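S.K.: got a predicted model here, sequence first, then my questions.
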Amino acid sequence: MSMEAIAFCTRPLSDVAEWQAALEAVGFDMTLDVDRIPPDSTGYLPATWQGREVGFECSVIPLSDLTETYPEIDFGGPWACIYDFYFSTFPGCAGAWMAVAACVNRSGGIAFDPQDSSLIVAQDAIRYAQKALVSLLREEASLRNPPAG
């Protein structure tokens, strides 16, 4: 099952170096292993965090894609760039949310979690990503050390 996260940005990130700086600015040591970012490139963006692969799918979408799907939600704006992230694994979830948090924090935007139709300000997106990292570590630990039964 694939899940989604969206970053509404007042401007697109200019390049990988800016996205990397945005990640570092919010305390995430994730490394994007790419030369180009959307809209110059779309699809799978490989990334690593603490030696783990935490890549995710990313593309730029028009606002109309969301307003047609979620007519009851006011997404505000104006938004110069909307990054759409897809992931289907715990590591991908953590990677995508780190990327979302960095985007919205850097650009003064907001995040959207379509799974529960919630709009999330930058500081809450950072906390959301931190929780995803804790969940990832907890899940990995439980797989290494399953409960005695």
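M.R.: Okay, I see it.
S.K.: contacts and neighbour counts: CA atoms only from here.
M.R.: Fine.
S.K.: residues making contact with stretch 118-128?
M.R.: The set of residues external to stretch 118-128 that reach it, using C-alpha atoms under 8 Å, 6 or more residues apart in numbering, is 26, 75, 97-98, 100-102, 104-105, 108-113.
S.K.: what's the most distant pair in those?
M.R.: Of all pairs drawn from the contacts of stretch 118-128, the widest gap by C-alpha to C-alpha lies between 26 and 75 and measures 23.7 Å.
S.K.: what comes up buried for stretch 115-134?
M.R.: Buried residues in stretch 115-134, counted by 16 or more other C-alpha atoms under 10 Å: 119-122, 125-126, 128-130, 132-133.
S.K.: out of the helices and strands in this protein, which is least certain?
M.R.: Among the secondary structure pieces of the chain, namely its helices and strands, helix 122-144 has the lowest mean (mean pLDDT, DSSP states H and E), a mean of 90.
S.K.: how far off centre is that helix?
M.R.: From the chain centre to the centre of helix 122-144 is a distance of 13 Å (C-alpha atoms, centre = their mean, to the nearest Å).
S.K.: okay, that helix in CSV with CA atoms only?
M.R.: Listed in CSV are the C-alpha atoms of helix 122-144, where the atom choice follows Å, rounded to 0.1, in the frame of the first residue of the first chain:
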residue,chain,number,x,y,z
ALA,A,122,6.3,23.6,9.5
GLN,A,123,7.1,23.1,13.2
ASP,A,124,4.5,20.3,13.4
ALA,A,125,5.8,18.7,10.2
ILE,A,126,9.3,18.6,11.8
ARG,A,127,7.8,16.8,14.9
TYR,A,128,5.9,14.5,12.6
ALA,A,129,9.1,13.5,10.8
GLN,A,130,10.9,13.0,14.2
LYS,A,131,8.1,10.7,15.3
ALA,A,132,8.4,8.8,12.0
LEU,A,133,12.1,8.3,12.8
VAL,A,134,11.3,7.0,16.3
SER,A,135,8.8,4.6,14.8
LEU,A,136,11.3,3.4,12.2
LEU,A,137,13.9,2.7,14.9
ARG,A,138,11.3,1.0,17.1
GLU,A,139,10.1,-1.2,14.2
GLU,A,140,13.7,-2.2,13.3
ALA,A,141,14.4,-3.0,17.0
SER,A,142,11.3,-5.2,17.2
LEU,A,143,12.3,-7.1,14.1
ARG,A,144,15.8,-7.7,15.5
